[in-house]
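Asker: Sequence first, then the predicted structure, then my questions.
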Amino acid sequence: MSETVSVSKDGEIAIVTVDNPPVNAVGLSVRQGLWDAIPALEADDSVRAAVLICAGRTFIAGADIREFDGGALDPWLPEIVDRMHASTKPWVAAIHGTALGGGLETALGAHYRVALASAKVGLPEVALGIIPGAGGTQRTPRLTCAAAAVKLVTSGAPISAAEAQDAGLIDRIVDDLLPDAVAFARSIMDQPVPRLDPAPAPTDLTPADWDELRQTVQKKAKGQLSPVRGLDAVRIAFELPLSEGMDRERDIFLELKETDQSKALRHAFFAERAVAKPAALKGAKPRQLERVAIVGGGLMGSGIATAALTAGLIVTIIEQTMDAAEQAKGRVAANLESGVRKGRMSEDQRDALLGKLRVTNSYHGADGADLCIEAVFEDADTKRAVFEQLAQIAGPDAILATNTSYIDPVSFTDAVPNPGRVMGLHFFSPAHIMRLVEVVRTPQTEPEVLATGFALAKKMRKVAVLSGVCDGFIGNRILGAYGRMAGYLLEDGASPQQIDAAMKRFGMPMGPFEMFDMAGLQIGYANRKREAATRPADQRYSRVPDLIVEQGWLGQKTKQGYYRYEDGSRTAIPSEEFNALLEAERGARNITPRDISDEEIVASLHAVQVNEAAMILAEGVAERPLDIDIVKLMGYGYPRWRGGPMMEADRLGTDRVLATMQQIAETDPGSWSVAPLLSRLGAEATPFSSLN
Ligand code: T1G
């Protein structure tokens, strides 16, 4: 055996236990152990059947993703699964936790599968830019219908044990996993061992149906390759015998594993976990959280309250009047109702969560709170007043957090006693949906307070990234550079629709100008006024964003911004009025518009983000390039299959990004400096991944 696979017996039933914490990934040691166990049990006349079970919290959660960057190591999982399926003695997979990827594929190699009702099964490989590579696309279609197989493979989403049983992937749902699995094995050990029919799986789908399915999957994949290739592999199961289908699946799997998209998605997977362990928090223990008070029940405050309730906390919203407080409660109720409609919770769960919400117009709502979060108007004086009240009423050790998205927390909390308990918790709107939280440390914030912010984010099923203090922290500061460059490109000759279309082809959910129109143009206007005092005198200033706001064009909400909008529609329509304003402004600035290629737009907008990120890293506002990537992936819709701007810079070649930034800086030295990027990468243009 191996140190991760052991065999015991219960009479004539062999129990093969995989024990490879934390998630029983089927790494080399597990594969070797299974490879050896199968023939050993075949040769043991005292064994009539085998149960495959896992120790710890879950059944096998897949291949060991860390092995992907090295060469494939014998024994390969497909061969192990084939060997198990060819066994003359029946194997029963006993599933708890999540049987994912290679885990489900191993279970499909067994002849039967039993599971706890709480178990889930899935084939999430497409989320890693690959497809199942151990028979998942070939065995699933031979056990369930084409639609279910296509959905499992191309969505990557897990399904419950009950759904899997309905789909024919699980034989029985049991209460007490091991004894019930052994009993099940004993009940079938004298029956003929069931085998998958190697013939092409039957289906009534026509070639036209498959083509239509492929288009649907392609549209949903938004540029990602693996879902579409997963569909191709599933289709093969209905056209070729099993052995040929397995070969074709393996070819597609090996091809995708080497793609930039898969490397980026694997980077995102591990980065999403690494951000939770910043060096600054090493050894810091989070405090227990039970009660949260939120000051401000507007869009953000009610979203944060919804997330806190869903995380199991008791929540009090403090508003200025009872009427406003009741309106806040209504917003929370609407958010929870949306969760019911989307099947994320039952009506009873919704009611139970609402039962843990109090609303009040008194700061005494903060009595007994472990954590108070300020989510009022983005104005330092308004926030200062809130913290003065909280400092008087909340407990002396209560953690006091601000949801400010730009302003230095110290600038309005300097009067708070015990400043070590002050931090920023920058949620992204809508706060009950967006997964990113920037946990902002002031120079005084204690590590355990920050660790508590990270623990809160995890309870909310969000991803926290540690940020130091600067204008806009990590994400909005980079957005500032992005928006500034987009404005320059606009003045120099591009149109909003050209810039937005280029960025959507890059993979962004929307372009900068559609995004600004959606968010509302007055936010940027206020920020630019706030920044005016510190803006470098020789930095190019595009007046276009101010001119449109001063026209009363605030974006979607006024049906006119960079685009125009029909009543009740969010569809951005090129605007003659805007174009006229832009032309007039170009004339006033003596700018002769030039043709700007999509390539220049994408390269410029990427380079200035990476350059700003280099400054953020150099200042210690972010710890690692992967922190920057996760902020962009989780908070700004950056295409996950590119891994984030820093991963994209490595893919392009940091020397190319450096050259683009040098060109930009030479053209407009007052607005841009390449020094930060150059100092971060060095003349040898070190890849960012080596700095993680
Ligand atoms: N390989 C290596 N490490 C893994 C891993 C995996 N498959 N899954 C998790 N980890 C690590 C993770 O990095 C973290 O490490 C720790 O385990 C806990 O994870 C042949 C080729 C199972 C639902 O894609 O979805 O099979 O940070 O924090 O929130 O066709 O982990 O502690 O050092 O996420 O309880 C397919 C990926 C692989 C499943 C548990 N399988 N994992 O969530 O814990 S490809 C997957 C998950 C494949 C076959 C193909 C989740 C989880 P550290 P965690 P969790």
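Answerer: Looks like it came in fine. Every value quoted in this text rests on a predicted model; they were computed, and no experiment measured them.

Asker: who in this structure is up against the ligand?
Answerer: Residues of the chain lying near the ligand by CB under 6 Å from any ligand atom: 22-23, 25, 61-66, 77, 98, 100-102, 105, 124-125, 128, 132-134, 136, 270, 273. In this view, the C-beta of every residue, glycine as well, is placed from N, C-alpha and C.

Asker: nearest spatial neighbour of the residue of the stretch 551-692 of the chain found nearest the ligand, skipping sequence neighbours?
Answerer: The nearest approach of the stretch 551-692 of the chain to the ligand comes at L626, 12.4 Å away (CB to the nearest ligand atom). Among residues not flanking L626 along the chain, A271 sits closest, at 4.0 Å (CB to CB, 6 or more residues apart in numbering).

Asker: That neighbour against D629, yeah?
Answerer: Yes - the criterion here is CB atoms under 8 Å, and A271 meets it with D629 at 5.6 Å.

Asker: shared neighbours of these two, anything?
Answerer: Taking CB atoms under 8 Å, 6 or more residues apart in numbering as the contact rule, A271 and D629 both touch 643-644.

Asker: who's more crowded, those two?
Answerer: Neighbour count, other CB atoms under 10 Å: between A271 and D629, D629 has more, with 32 against 25.

Asker: Could you list the domains of the protein?
Answerer: 5-257, 289-467, 475-691 (automatic domain parsing).

Asker: would TSV of the ones you listed with mean pLDDT be doable?
Answerer: TSV is the format used below for the domains of the chain (pLDDT from 0 to 100):
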stretch	mean pLDDT
domain 5-257	96
domain 289-467	96
domain 475-691	95
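
Asker: Walking through the stretch 301-450 of the chain, point out its helices one by one.
Answerer: In the stretch 301-450 of the chain, the helices defined using DSSP state H, counting those that start in this stretch lie at 322-341, 347-354, 380-393, 410-413, 447-459.

Asker: And those helices: which comes nearest H85?
Answerer: Nearest to H85 among the helices of the stretch 301-450 of the chain is helix 447-459 (38.9 Å), distances taken as CB to CB.

Asker: returning to what we had before: mark which of the residues of the chain next to the ligand are buried, thanks.
Answerer: 23, 25, 61-65, 77, 98, 100-102, 105, 124-125, 128, 132-134, 136 (16 or more other CB atoms under 10 Å).

Asker: residues in contact with the residue of the stretch 551-692 of the chain closest to the ligand?
Answerer: L626 neighbours (CB under 8 Å, 6+ apart): 267, 271, 274-275, 644, 646, 692.

Asker: Including mean neighbour count, could the helices of the stretch 301-450 of the chain go into CSV?
Answerer: Listed next are those as CSV, based on neighbours: other CB atoms under 10 Å:
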stretch, mean neighbour count
helix 322-341, 17
helix 347-354, 14
helix 380-393, 17
helix 410-413, 20
helix 447-459, 22
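
Asker: Of all those, which one is nearest T402?
Answerer: Nearest to T402 among these is helix 380-393; the distance by CB to CB comes to 6.2 Å.

Asker: could you dump that closest one to PDB, C-alpha only?
Answerer: Provided in PDB are the C-alpha atoms of helix 380-393 (Å, rounded to 0.1, in the frame of the first residue of the first chain):
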ATOM      1  CA  ALA A 380     -14.900  62.400   5.800                       C
ATOM      2  CA  ASP A 381     -16.800  64.800   8.000                       C
ATOM      3  CA  THR A 382     -19.900  62.600   7.900                       C
ATOM      4  CA  LYS A 383     -17.800  59.600   8.800                       C
ATOM      5  CA  ARG A 384     -16.000  61.400  11.600                       C
ATOM      6  CA  ALA A 385     -19.300  62.200  13.200                       C
ATOM      7  CA  VAL A 386     -20.300  58.500  13.100                       C
ATOM      8  CA  PHE A 387     -17.100  57.300  14.700                       C
ATOM      9  CA  GLU A 388     -17.400  59.900  17.500                       C
ATOM     10  CA  GLN A 389     -20.700  58.400  18.400                       C
ATOM     11  CA  LEU A 390     -19.500  54.800  18.100                       C
ATOM     12  CA  ALA A 391     -16.500  55.600  20.200                       C
ATOM     13  CA  GLN A 392     -18.800  56.800  23.000                       C
ATOM     14  CA  ILE A 393     -21.400  54.000  22.800                       C
END
